[in-house]
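S.K.: Give me a 3D structure for the following:
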Amino acid sequence: MAQPKHFLELDQFSVAQLRTILDLSTDLKSRVRKSHPLQAKTLAMIFEKPSTRTRVSFEVGMKQLGGEVIVLNANELQIGRGETIADTARVLSRYVDVIMLRTDEPKKLYELAEYSTVPVINGLTDRSHPVQLLADIMTYEEHIGPIGDACIAWCGDGNNMALTWLQAATLFGFELRLACPNELSLDEEDVSYAKEHGAQIFVSNDPISAVKDADCVVTDTWVSMGGEGASSRLKILEPFRVCQSLMRHASPEAIFMHCLPAHRGEEVEASVLEGVQSVVWDEAENRLHAQKGLLMWCLS
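M.R.: Predicted structure coming up:
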């Protein structure tokens, strides 16, 4: 039996494989929906964390491709009553054609993939969010051009999205500048690994130097779902807020991206989020198209 085509982490793929997914996504976005290539296929989505964009984009995307969707909350499954992830994977593999998991610990995702005989997709873990990064690359290239020529500035928390941008920089070759407070920076091992593999990575705690002449400024919410110590985190991160004065240090043609949900007045000023440089709504839409391309790739 052929091994299922899992989508767990960006750094498990070649650029050519990711380009195949992105090309599929772009094609599906431009195509008038007439055929249903995933008819009679079923996607099961397991949520241990709340979701708006991931749930709706995967569900709408699968249905647009002709497939069916089952949404499962962890507290509704026997996982919540002691059944192992391995047993859940074995059973679901007999019922559905692809599984998406949105969870906290990456080890749960890997256990699901180890025992599943159908593709498993990472819908988010505390470590990474690769389906979002597909949409981000798609959005950047629609607005500016090839991502390999880009200078990307990340301002804020060194969280799972920052790590996923780091993985993407290693693969696609763009320059990535990470401006994070020392207390909330990315793991040094991950940064060192990226640099050893040729990535152009610059780490500082100075948002202005990170943003200077950048083509794209990116941030994310400062307090993740279930995050603790919110008040102390907000105080530490306040100098890293993306505001109009910070954006003026970027390239005049720079765009602003945020994977949402956004907290206006915390990680980003409302005037930036709603401003002419913001592409966050295109970015959110592209979650739909990128995930359709991913589903097609997984099930091809």
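S.K.: Secondary structure element holding the residue lying closest to Leu8 once chain neighbours are set aside?
M.R.: Nearest residue to Leu8, sequence neighbours excluded (Cβ to Cβ, 6 or more residues apart in numbering): Asn122, at 5.0 Å. In this view, the C-beta of every residue, glycine as well, is placed from N, C-alpha and C. Assessed by DSSP states H and E, Asn122 sits inside strand 120-124.
S.K.: counting contacts, what elements does that strand pack onto?
M.R.: helix 53-64, strand 98-102, helix 106-115, helix 130-143 (3 or more Cβ pairs under 8 Å, 6 or more residues apart in numbering; DSSP states H and E).
S.K.: Tell me which of those sits most buried.
M.R.: strand 98-102 (a mean of 27; mean count of other Cβ atoms under 10 Å).
S.K.: Keeping just the C-alphas, turn the longest helix seen in the chain into CSV.
M.R.: In the chain, assigned by DSSP state H, the helix with the most residues is helix 280-299. Extracted in CSV, the C-alpha atoms of helix 280-299 (Å, rounded to 0.1, in the frame of the first residue of the first chain):
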residue,chain,number,x,y,z
VAL,A,280,-5.4,40.6,5.4
TRP,A,281,-8.7,40.0,3.7
ASP,A,282,-7.1,38.6,0.6
GLU,A,283,-4.9,36.5,2.8
ALA,A,284,-8.0,35.2,4.6
GLU,A,285,-9.7,34.3,1.4
ASN,A,286,-6.6,32.5,0.1
ARG,A,287,-6.9,30.1,3.0
LEU,A,288,-9.9,28.6,1.0
HIS,A,289,-8.0,28.3,-2.3
ALA,A,290,-4.7,27.1,-0.7
GLN,A,291,-6.5,24.4,1.2
LYS,A,292,-8.4,23.3,-1.9
GLY,A,293,-5.0,22.9,-3.6
LEU,A,294,-3.7,21.0,-0.6
LEU,A,295,-6.7,18.6,-0.5
MET,A,296,-6.2,17.9,-4.2
TRP,A,297,-2.5,17.2,-3.6
CYS,A,298,-3.2,14.9,-0.6
LEU,A,299,-5.8,12.9,-2.5
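S.K.: Go through the helices and strands packed on strand 120-124 and name the closest to Ile46.
M.R.: Shortest distance between Ile46 and these, using Cβ to Cβ, is found for strand 98-102: 4.9 Å.
S.K.: what's the closest one in contact with?
M.R.: For strand 98-102, the external contacting residues (Cβ atoms under 8 Å, 6 or more residues apart in numbering) are 41-49, 51, 54, 58, 89, 92-93, 108-109, 112, 116, 118-124, 295, 298-299.
S.K.: how far does that strand sit from the chain's center?
M.R.: Average the C-alpha atoms of strand 98-102, do the same for its chain, and the two points are 14 Å apart (Cα atoms, centre = their mean, to the nearest Å).
S.K.: neighbouring strands for that strand, and are they parallel or not?
M.R.: strand 42-47 (parallel), strand 120-124 (parallel) (DSSP bridges).
S.K.: can you pull the pLDDT of Gly198?
M.R.: On pLDDT, Gly198 comes in at 95.
S.K.: Tell me which other helices or strands the longest helix of the chain touches.
M.R.: helix 15-30, helix 53-64, strand 98-102, helix 130-143, strand 255-258.
S.K.: could you give the angle of the second one to helix 280-299?
M.R.: Between the axes of helix 53-64 and helix 280-299, defined by axes from the mean of the first three to the mean of the last three Cα atoms, to 10 degrees, the angle is 60 degrees.
S.K.: avg pLDDT for helix 53-64?
M.R.: 97.
S.K.: for that helix, packing partners?
M.R.: strand 42-47, strand 68-73, strand 98-102, strand 120-124, helix 280-299.
S.K.: For Ala214, find the nearest of those.
M.R.: Nearest of the helices and strands packed on helix 53-64 (Cβ to Cβ): helix 280-299, 16.5 Å.
S.K.: Of all the strands paired with strand 98-102, which one is nearest Glu183?
M.R.: Closest among the strands paired with strand 98-102, using Cβ to Cβ: strand 120-124, at 23.1 Å.
S.K.: got the CA positions of the helix or strand harbouring Phe202 in CSV?
M.R.: In this assignment (DSSP H and E), Phe202 forms part of strand 200-204. Provided in CSV are the C-alpha atoms of strand 200-204 (Å, rounded to 0.1, in the frame of the first residue of the first chain):
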residue,chain,number,x,y,z
GLN,A,200,18.9,34.6,5.3
ILE,A,201,17.7,35.2,8.9
PHE,A,202,18.3,38.3,11.0
VAL,A,203,17.2,38.3,14.6
SER,A,204,16.9,41.5,16.7
